[in-house]
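> coords below, sequence missing:
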């Protein structure tokens, strides 16, 4: 496969076996994998459940940017009847490492499907 000192099997062990591409279906990309990893991290940091119906009222139009309010509306539009809305906040170590996030998560049976980040450092 290459001029590397690694064997083909060692290379495949490092990078994995390429996925089979089905016609008309794009394989999962790096952004999808990063998002799923982030969602798993969020699921470990859930706080308390909030009423999805009243969430929009939490954000003052005078203090929120139009872009943020658009993001709030998109988040709410992505919710279904099966979703619960939970707060989330990164652990203290993440904030110390300048990698903290907080906000709201849409959850179905313990699986985070979408987030609205309201604070980060």
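Alright, I've got the coordinates. In this text, all values refer to a predicted model and were calculated from it rather than measured experimentally.

> Give me the buried stretch members for stretch 61-73, please.
Across stretch 61-73, burial judged by 16 or more other C-beta atoms under 10 Å covers 71-72. Bear in mind the C-beta positions are built from the backbone N, C-alpha and C, glycine included.

> sorry, that was for stretch 73-81
Buried residues in stretch 73-81, defined by neighbour count with 16+ other C-beta under 10 Å: 75-76, 79.

> Which members of those occur in helices, if any?
75-76 (DSSP state H).

> Mind putting the buried residues of stretch 73-81 into a markdown table with pLDDT and distance to residue 14?
Shown next, in a markdown table, are the buried residues of stretch 73-81 (pLDDT from 0 to 100; distance: C-beta to C-beta, whole Å):
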| residue | pLDDT | distance to residue 14 |
| --- | --- | --- |
| 75 | 94 | 37 |
| 76 | 95 | 42 |
| 79 | 95 | 39 |
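
> Any chance of JSON lines for the buried residues of stretch 73-81, columns distance to residue 10?
Converted to JSON lines, the buried residues of stretch 73-81 look like this (distance: C-beta to C-beta, whole Å):
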{"residue": "75", "distance to residue 10": "44"}
{"residue": "76", "distance to residue 10": "48"}
{"residue": "79", "distance to residue 10": "45"}
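
> Looking at the buried residues of stretch 73-81, which is nearest residue 16?
Nearest to residue 16 out of these is residue 75 (C-beta to C-beta; 32.5 Å).

> I'd guessed that closest one sits against residue 113; true?
No - using C-beta atoms under 8 Å, residue 75 makes no contact with residue 113, being 10.6 Å away.

> Mind listing the shared neighbours of those two?
Applying C-beta atoms under 8 Å, 6 or more residues apart in numbering, one finds that residue 75 and residue 113 are jointly contacted by residue 106.

> so how many other residues sit close to residue 39?
17 (other C-beta atoms under 10 Å).

> how far does stretch 95-113 stretch from start to finish?
Using C-alpha to C-alpha, to the nearest Å, one end of stretch 95-113 lies 23 Å from the other.

> So which bits of it are buried?
In terms of neighbour count (16+ other C-beta under 10 Å), stretch 95-113 has its buried residues at 95, 100-107, 112.

> so for the lengthiest helix in the chain, what's the average pLDDT?
Secondary structure of the chain per DSSP H: the longest helix is helix 30-43. Across helix 30-43, pLDDT averages out at 89.
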